[in-house]
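Student: Using only what follows, build the 3D model:
(one chain, ligands or ions: 1)
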Amino acid sequence: MKREGAKSTWPVETDTGLSLRSRKISVECIRGPLAGKVFERPGPEVRVGSGTDCDLVIPDRTVSHVHLSLRIEGDAIRVLDTKSRNGTYVDDVRIKDAYARPNATIVLGASAIRLRMLKDEIELPLPDRDHFAGLIGKSIAMRRVYALLERFADADGTVLLEGETGTGKEVAAAAIHAKSKRKDRPFVVFDCSAVPANLIESELFGHVAGAFTGAVSARKGRFREAENGTLFLDEIGELPLELQPKLLRALEARVIRPLGAEKDWQVDVRIIAATNRDLAIEVDKDRFREDLYYRLAVLPVRLPPLRERVEDIPLLVRHFEKEWRDRPNPPAPLPDAILEKMKSMPWPGNVRELRNRVELMLSLGLPDTTRPAQSTSETSPARVEVDIQVPYHVGRERLVEQYTKGYFLEALRRTDGNVSRAAQLADVGRAFVQKVMKQHGLTRTGQ
Ligand SMILES: Nc1ncnc2c1ncn2[C@@H]1O[C@H](COP(=O)(O)OP(=O)(O)OP(=O)(O)O)[C@@H](O)[C@H]1O
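Tutor: The predicted model follows:
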């Protein structure tokens, strides 16, 4: 089974726009304390057991805390026994992992349930707009993204943003938060690739004072900082395998335990995760837990690369130019002919690269589009200077990017291009160095 087909909610492009298809599982209780009741639960995974943290709670002492898990895979429902005491039977056969036929009867302890798949399809009209919060673009591809983001902002479920580097995943996460009912609560960002693996647990879940050598004072951790708000987990594919069960627990049971603490903390946090890898492939290669993937891929959104929406390039360029408009000597706008030419250039760094490129051309006053797009990496890191004419967040982001680029140029130079040593020097993960190299077109020779 290809795991793409495992998603229980997925967009389908139609002539008039977009429709959102979703599948739910209908569980009819036919024996036990809930006999006669019918429940509907959305996928991709439904955990059934007597524990109150299950998606369907059966208050039966013969049913284990988490007894079994139901997964939507294409048109089938997969039943997985989760090490239950009394076993799981599908149509009288004891199973560990099986696909259930429609209306199959599942026996768990003294209770029995019958399963059915429910299909749902909602038309999502494409919004007639050229931006959505901080995202700019009026192509059909982007309007499809807006339709999904609008819908998912209200849903409060876990969102998985997939897309190449620089396609706006973080901007999209901020947009979902800004349009959601949590908008007045914190939006906390955590890049799983930016912190060495051994520090991620305390960064995410916090620690008590003295939990480990060097833990002089307690740390709250990102989950608790994001309480009642949204936690954006960037580069989720980099989360070490040994920490994945802890994130799974936070998603399923909504509890976390800080390092060294003796009790759990209840947390109310919406998770938005992002990746530029294909997580389904990571699962197949045993580098990412399948159960965590199912918990994350509840509401999937793919951000299109720039090459699939080149018609947005002029709009994006004009948008980036506006940030320079209020300067004492604003540079002349780039000629339309250059914008046209940009449409046929490769943009491996996507919108980030386009923005850097526009800034470079405006600052040099030389609209030079003859060099390959990657050549922005040839510019030297800028001096730290405040430009009060540029909006604060733009200037700050620009500075951080320039600093990051300059830092890793130097780190790679000093370590003779050794990524692991550069990561050690910077006290970040290897994956973060690789990401910065990709974002800024840096090579191991420090260019
Ligand atoms: N659709 C868009 N409209 C306006 N700006 C955008 C858009 N997409 C990306 N950007 C800009 O491009 C830069 C990179 O965006 P962002 O960090 O959200 O990308 P990302 O997909 O999260 O990248 P990475 O995977 O490398 O972390 C930011 O400066 C952002 O403002």
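
Student: Quick one: list the elements packing against the helix or strand where residue 280 lies.
Tutor: Applying DSSP states H and E as the criterion places residue 280 in helix 279-284. Under the contact criterion of 3 or more Cβ pairs under 8 Å, 6 or more residues apart in numbering; DSSP states H and E, helix 279-284 touches helix 290-296. The way it works is simple: take the backbone N, C-alpha and C, and place the C-beta from them, glycine included.

Student: packing partners for the helix it packs on?
Tutor: Using 3+ Cβ pairs under 8 Å, 6+ apart, helix 290-296 sits against strand 45-49, helix 244-253, helix 279-284.

Student: Return the list of strands paired to the helix or strand just after it, each annotated with direction.
Tutor: Sequence order places strand 299-302 as the next helix or strand after helix 290-296, per DSSP H and E. Strand 299-302 has the following strand partners under DSSP bridges: strand 159-162 (parallel).

Student: Name the residues that touch the very next helix or strand once past the strand it pairs with?
Tutor: Using DSSP H and E, the next helix or strand after strand 159-162 towards the C-terminus is helix 169-179. With Cβ atoms under 8 Å, 6 or more residues apart in numbering as the test, helix 169-179 has contacts from 132-135, 145, 149-150, 152-154, 159, 161-163, 183, 187, 189, 229-230, 232, 234, 270, 272, 274, 276, 301, 303.

Student: and if you look at stretch 67-84?
Tutor: Against stretch 67-84 from outside (Cβ under 8 Å, 6+ apart): 1, 5-6, 8, 23, 25, 27, 43-50, 58, 63-64, 66, 87-88, 90, 95-100, 104, 106, 108-109, 115, 117, 291, 294.

Student: Any idea how far apart the tips of it sit?
Tutor: End-to-end distance for stretch 67-84, by Cα to Cα, to the nearest Å: 5 Å.

Student: Give me the distance from it to the chain's centre.
Tutor: 24 Å (Cα atoms, centre = their mean, to the nearest Å).

Student: List the buried residues in it.
Tutor: 67-73, 77-82, 84 (16 or more other Cβ atoms under 10 Å).

Student: Identify the residues contacting residue 268.
Tutor: Residue 268 neighbours (Cβ under 8 Å, 6+ apart): 227, 228, 254.

Student: Tell me the secondary structure at the residue nearest to residue 31 when sequence neighbours are not counted.
Tutor: Nearest residue to residue 31 in three dimensions, chain neighbours excluded: residue 112, at 3.9 Å (Cβ to Cβ, 6 or more residues apart in numbering). Of the three states, residue 112 takes strand under DSSP: H, G, I helix; E, B strand; the rest coil.

Student: Surely residue 112 is in contact with residue 27?
Tutor: No. Residue 112 is beyond contact range of residue 27, at 10.7 Å (criterion: Cβ atoms under 8 Å).

Student: These two: who's more crowded?
Tutor: residue 27 (24 against 16; other Cβ atoms under 10 Å).

Student: ok, now which ones touch the residue of the stretch 201-350 of the chain found nearest the ligand?
Tutor: Residue of the stretch 201-350 of the chain nearest the ligand, by Cβ to the nearest ligand atom: residue 276 (4.7 Å). Neighbour list for residue 276: 162, 163, 164, 165, 169, 235, 237 [criterion: Cβ under 8 Å, 6+ apart].

Student: With that, I have no additional questions.
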